[in-house]
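Asker: based on what follows, work out the 3D shape:
(one chain, ligands or ions: 1)
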Amino acid sequence: MERRVRVRFAPSPTGPLHIGGVRTALYNYLFARKHGGDFIIRVEDTDQTRFVPGAEEYIIESLKWLGINAVEGIGFGDGPHAPYRQSERKPMYKQYVMQLIDAGKAYYAFDTAEELENMRERLMANNIDAKYDAQTRESMTNSITLPEDEVKRRLANGDTYVVRFKLPSNEEVQLHDEIRGWVSVNTHELDDKVLFKSDGMPTYHLANVVDDYLMQISHVIRGEEWLPSAPLHVLLYRAFGWEAMMPKFAHLPLLLKPEGNGKLSKRDGDRLGFPVFPINWIDPKTQEIYSGYREAGYLPEAVVNLLAFLGWNPGTNQELFTMDELVQAFSLERVSKSGAKFDPNKAKWFNQQYIRHLANENLLPFMQEAIKLKGLDQTFSEEFLLMACGLIKEKISFTNEIWNYCSYFFITPNTYDDSVVKKRWNDKIPNLLKDLNEALASLPEFKSTAIEGAYNEALAKNEILGKDFLQLFRVILTGVAGGPMLFEIAEMIGYPETKLRIENALIKLNN
Ligand code: GLU
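Answerer: Okay, here's the model as predicted:
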């Protein structure tokens with residue numbers, strides 16, 4: 001019988017979630033929905049020294065903003081496997097570590113930091129890879145080398161210890177990765193990893209495997225950086241006798257810098273002018289701000305779409321996908337093995353496409369926000385704002401560009417693009433503007449086609465060609481050289497404002 005698909009996103013709250021992590025969450029989410037399974041969120045906070053306040057809330061807020069919703073787990077309501085925060089699961093792990101110790105598959109190690117350092121130095125001096133493994137464990141202070149009653153005495157005495165996994169020596173571990181195929185590692189390349197500490201806290205490896213087992217995880221889909229840990233995880237499943245329940249593994253390719261050389265890092269974004277975080281993050285220690293997609297004016301749907309394409313493709317030419325379409329199209333077979341280069345221009349393109357296809361009503365909240373920031377929200381009707389949305393959505397790439405692109409809908413310009421004025425203003429212009437104002441005044445209805453008619457009439461009367469005046473007229477009405485259809489702008493701002501702007505130009509530019 002096929003297992004029910006259950007996948008998890010298991011972030012550690014050690015800082016803001018990089019978009020590589022968001023992509024991992026997204027692929028898990030798509031995979032779960034595609035297979036009618038469950039997507040859960042588990043917080044892996046066993047390493048308390050790396051805990052960063054606010055990081056967990058940040059992660060959940062980011063996922064919610066993007067619509068990557070879980071059915072169980074932190075931030076999305078508990079399910080049958082609560083708690084979903086490993087620090088709160090602490091009492092559960094001890095029995096599993098004891099099971100391994102009793103079976104001789106793990107052991108207590110009492111080595112001090114100094115002893116470990118000495119071992120490293122000794123081995124490195126002999127050009128031997130310094131690690132705690134099948135050879136070195138024989139000469140260290142642990143329950144393999146110490147007499148049993150000494151081990152008991154130390155434990156009863158409350159001595160500090162760790163529990164290490166006893167790696168089988170010289171064994172070839174084979175694991176099948178859904179993206180990479182068969183991966184094989186010999187245990188002599190690995191070390192006896194710490195599974196548990198005397199403060200009762202498990203380490204990542206133990207907690208991760210125990211929880212995946214208890215939470216009935218069917219597929220582990222995570223970043224490539226965890227591939228080296230996978231053989232150990234396979235050995236842990238074997239040691240527990242849980243092989244039948246072992247999840248399938250899929251390690252996702254790295255996200256690379258735009259230049260392609262190396263992993264996309266948290267510094268790259270601000271260095272190259274694009275965000276590498278989903279939402280803004282303020283470092284609680286330094287107060288440094290790392291910019292996020294949300295605040296940079298991206299729509300969540302565009303971010304989901306662009307992230308989906310970083311390491312996956314549908315095998316067709318289609319590039320724009322809603323979340324539901326991604327669910328339909330997604331498969332691990334189409335995830336690539338090689339790193340995915342981040343392309344900031346492509347990211348911008350995705351956002352432009354989404355803004356362009358947005359219904360005016362859906363752009364409205366951003367428009368309202370933009371004019372609210374300028375204290376103008378009481379002045380304009382919803383109908384007016386919707387028209388403005390319709391006129392600018394072809395022009396902007398980011399929602400936070402709204403004000404810069406269309407301030408002239410709301411306020412009379414008081415500066416003018418100089419280069420256009422210098423090039424196009426001449427002695428004939430004042431008369432033309434006067435005639436134009438007269439022609440506009442006599443229009444029965446102030447509509448774009450009628451305005452264009454009056455404009456052409458005034459041009460003909462003054463023997464001026466449209467191509468010599470249109471751009472100047474745009475600057476007169478808006479202050480800037482580019483923008484949406486000019487006669488529609490005039491219609492929107494209405495006759496009195498159009499008249500005022502023409503009169504302003506006559507005063508301010510006629511010298
Ligand atoms: N806690 C790990 C992380 O922060 C999870 C790795 C995994 O998914 O197994 O990425």
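Asker: point out where the chain drops to low pLDDT.
Answerer: Within the chain, the stretches with pLDDT under 70 are 1, 511.
Asker: where's the residue in the stretch 101-250 of the chain that the ligand sits nearest to, which helix or strand?
Answerer: As assessed by CB to the nearest ligand atom, the ligand sits closest to Arg222 within the stretch 101-250 of the chain, at 3.5 Å. The way it works is simple: take the backbone N, C-alpha and C, and place the C-beta from them, glycine included. Taking DSSP states H and E as the criterion, Arg222 maps to strand 219-223.
Asker: so which elements touch that strand?
Answerer: Contacts defined by 3 or more CB pairs under 8 Å, 6 or more residues apart in numbering; DSSP states H and E place strand 219-223 against strand 6-9, helix 19-34, strand 248-252.
Asker: can you tell me which of those is nearest to Lys508?
Answerer: helix 19-34 (46.9 Å; CB to CB).
Asker: what lines up beside the next helix or strand after the closest one in the sheet?
Answerer: For helix 19-34, the succeeding helix or strand toward the C-terminus, using DSSP H and E, is strand 38-41. Strand 38-41 pairs in its sheet with strand 6-9 (parallel), strand 72-73 (parallel), by DSSP bridges.
Asker: which of those is buried the deepest?
Answerer: Each of these was scored by mean neighbour count; the highest is strand 6-9, a mean of 26, by mean count of other CB atoms under 10 Å.
Asker: show residues contacting that strand.
Answerer: The contact list for strand 6-9 (CB atoms under 8 Å, 6 or more residues apart in numbering) reads 24-25, 28-29, 31-32, 37-42, 63, 70, 73, 212, 215-221.
Asker: just the buried ones out of the residues you listed, please.
Answerer: 24-25, 28-29, 31-32, 37-42, 63, 70, 73, 212, 215, 217-221 (16 or more other CB atoms under 10 Å).
Asker: list the contacts for Ala347?
Answerer: Contacts of Ala347 by CB under 8 Å, 6+ apart are Phe274, Tyr298, Leu306.
Asker: ok, Leu465 next?
Answerer: Leu465 touches Leu459, counting by CB under 8 Å, 6+ apart.
Asker: re earlier: among the strands paired with strand 38-41, which is nearest the ligand?
Answerer: strand 6-9 (7.2 Å).
Asker: any idea how far the closest residue to the residue of the stretch 101-250 of the chain closest to the ligand other than its chain neighbours is from the ligand?
Answerer: In space, not counting the residues next to it along the chain, Arg222 is nearest to Thr24; the distance is 5.8 Å by CB to CB, 6 or more residues apart in numbering. Computed as CB to the nearest ligand atom, to the nearest Å, the Thr24 to the ligand distance reads 7 Å.
Asker: strands along the protein, start to end?
Answerer: 6-9, 38-41, 72-73, 106-109, 162-165, 172-177, 181-186, 194-197, 219-223, 248-252, 255-256, 281-282, 289-290, 340-341 (DSSP state E).
Asker: does the first one reach the ligand?
Answerer: Think strand 6-9. No: for a cut-off given as CB under 6 Å from any ligand atom, strand 6-9 has no contacts with the ligand; the smallest distance is 7.2 Å.
Asker: just how off-centre is that strand within its chain?
Answerer: Strand 6-9 has its average C-alpha position 18 Å from the chain's average C-alpha position, going by CA atoms, centre = their mean, to the nearest Å.
Asker: dump the strands paired with strand 38-41 to a markdown table, plus distance to Lys152.
Answerer: Formatted as a markdown table, these follow (distance: least, CB to CB, whole Å):
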| stretch | distance to Lys152 |
| --- | --- |
| strand 6-9 | 38 |
| strand 72-73 | 40 |
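Asker: so what's the residue count around Pro91?
Answerer: When neighbours are counted by other CB atoms under 10 Å, Pro91 registers 8.
Asker: for Asn261, that is, sorry about that
Answerer: Other residues close to Asn261 by other CB under 10 Å number 8.
Asker: that one and Tyr213, how far apart?
Answerer: With distances taken as CB to CB, to the nearest Å, Asn261 is found 39 Å from Tyr213.
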